[in-house]
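Visitor: Okay, here's the prediction I keep looking at, along with the sequence it came from:
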Amino acid sequence: MSSDVAKSARFLSLAGFLVTTLLIPFNVVHTVKASLGDDQTLDSYQVSEASITTFVVVAIISILVKLVGIFSGYTMLYSDTVNFLQFILNASASVRLCWFIIFEGQPNFVWVVFATHLIPSLLIEAYVW
């Protein structure tokens, strides 16, 4: 992958991940109701909704950290391998969150995405800085 393509792909995948993350709050009610099924109590509903909302806030903060890395030039100009790896992590996180939204997955699933996509991506950012 050439240098310009890797940089563009990384930025576009991060933008897609931001859009996907911002779609989650619009579907929280349906997702939580579908995941709880008949066992809906006010307490379990509030816990599930708080978990998803916390994920959205943490994900947006991590996206902002990545954007600072991109626009400051530290991580964008480091290497094509880093850009490609960030592209893969961001794109696959976007796809997994889309599956979560479409199929109204369990609220804990967003934390799996956090552990498998956001943490490695942030560790790469920290390593490059």
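Guide: Received it, and whenever you're ready, just let me know what you need.

Visitor: residue ranges with poor pLDDT in the chain?
Guide: The chain contains residues with pLDDT under 70 at 1-3, 74-77.

Visitor: Going by residue numbers, what spans are helices in it?
Guide: Assigned helices in the chain, in chain order: 3-23, 28-36, 42-72, 80-102, 109-113, 119-128 (criterion: DSSP state H).

Visitor: Can you mark which positions in the first one are buried?
Guide: By neighbour count on 16 or more other CB atoms under 10 Å, the buried set for helix 3-23 is 6-7, 9-11, 13-14, 16-18, 20-21. Placement of C-beta: from N, CA and C, glycine included.

Visitor: Extract the C-alpha trace of that helix and format it as CSV.
Guide: Provided in CSV are the C-alpha atoms of helix 3-23 (Å, rounded to 0.1, in the frame of the first residue of the first chain):
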residue,chain,number,x,y,z
SER,A,3,2.1,6.1,1.6
ASP,A,4,-0.7,8.4,0.4
VAL,A,5,-3.2,5.6,0.2
ALA,A,6,-2.4,4.3,3.7
LYS,A,7,-2.8,7.8,5.2
SER,A,8,-6.1,8.4,3.4
ALA,A,9,-7.4,4.9,4.3
ARG,A,10,-6.5,5.5,8.0
PHE,A,11,-8.2,8.8,8.1
LEU,A,12,-11.4,7.6,6.4
SER,A,13,-11.6,4.5,8.5
LEU,A,14,-11.3,6.7,11.7
ALA,A,15,-14.0,9.0,10.3
GLY,A,16,-16.2,5.9,9.7
PHE,A,17,-15.5,4.7,13.2
LEU,A,18,-16.5,8.1,14.6
VAL,A,19,-19.8,8.1,12.7
THR,A,20,-20.6,4.5,13.8
THR,A,21,-19.9,5.4,17.4
LEU,A,22,-22.1,8.4,17.2
LEU,A,23,-25.0,6.2,15.8
